[in-house]
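Asker: sequence first, then the predicted structure:
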Amino acid sequence: MLFSTKTGDQADMKYGLMITASATLLLMGTISKAGICQSYEAAYNVDVYIGEGMDLQSAIRAVVEDEYSDGSEQCWKSIKKEIRRMPEIFPEAYKAIYKKMPR
């Protein structure tokens with residue numbers, strides 16, 4: 001029994017709390033990796049990877065592997081927004097996505 005109502009079973013209660021705390025920490029570590037979207041950093045890295053010779057799809061996979069993006073459509077929209085907003089900062093990515101030179 002993990003949690004006992006008896007006052008004499010403090011060892012069981014401590015054991016139960018340890019298990020609960022450990023499970024919570026493990027769960028928080030898993031959740032913290034889900035939903036990551038660092039759009040500016042991802043845009044920067046996509047630009048660098050394309051500048052180094054990667055194609056667009058490989059660059060996108062690389063930023064997901066590097067954990068700058070969770071790979072979701074919403075994150076990709078945010079990354080493209082950064083690139084579209086600052087084409088002079090991300091010229092290689094801009095050319096790869098929009099098939100034209102930045103203004």
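Answerer: Ah, there it is.
Asker: lowest confidence element among the helices and strands of the protein?
Answerer: The least trusted helix or strand in the chain, going by mean pLDDT, DSSP states H and E, turns out to be helix 10-33, with a mean of 57.
Asker: what average pLDDT does the one helix or strand residue 41 maps to get?
Answerer: Using DSSP states H and E, the element containing residue 41 is helix 39-51. What helix 39-51 shows for mean pLDDT is 97.
Asker: what of stretch 90-103?
Answerer: Stretch 90-103 comes out at a mean pLDDT of 89.
Asker: run through who's touching that stretch.
Answerer: Under the contact criterion CB atoms under 8 Å, 6 or more residues apart in numbering, stretch 90-103 has outside partners 43-44, 46-48, 50-51, 55-56, 59, 80, 82-84, 87-88. (Each C-beta comes from the backbone N, C-alpha and C, glycine too.)
Asker: try stretch 37-45
Answerer: For stretch 37-45, using CB under 8 Å, 6+ apart, the contacting residues are 59, 62-63, 66, 68-70, 72, 74-75, 78-79, 81-83, 86, 89-90, 93.
Asker: about what we covered before: quick check: buried residues in the helix holding residue 41?
Answerer: 39, 40, 41, 42, 43, 44, 45, 46, 47, 48, 49, 50 (16 or more other CB atoms under 10 Å).
Asker: not counting sequence-adjacent ones, nearest residue to residue 93?
Answerer: residue 47 (4.1 Å; CB to CB, 6 or more residues apart in numbering).
Asker: just residue 42 next, same as before
Answerer: The shortest distance from residue 42 to any non-neighbouring residue, by CB to CB, 6+ apart, is to residue 68 (4.0 Å).
Asker: my guess is that neighbour contacts residue 48, does it?
Answerer: No. Contact criterion CB atoms under 8 Å: residue 68 and residue 48 do not qualify, at 11.4 Å.
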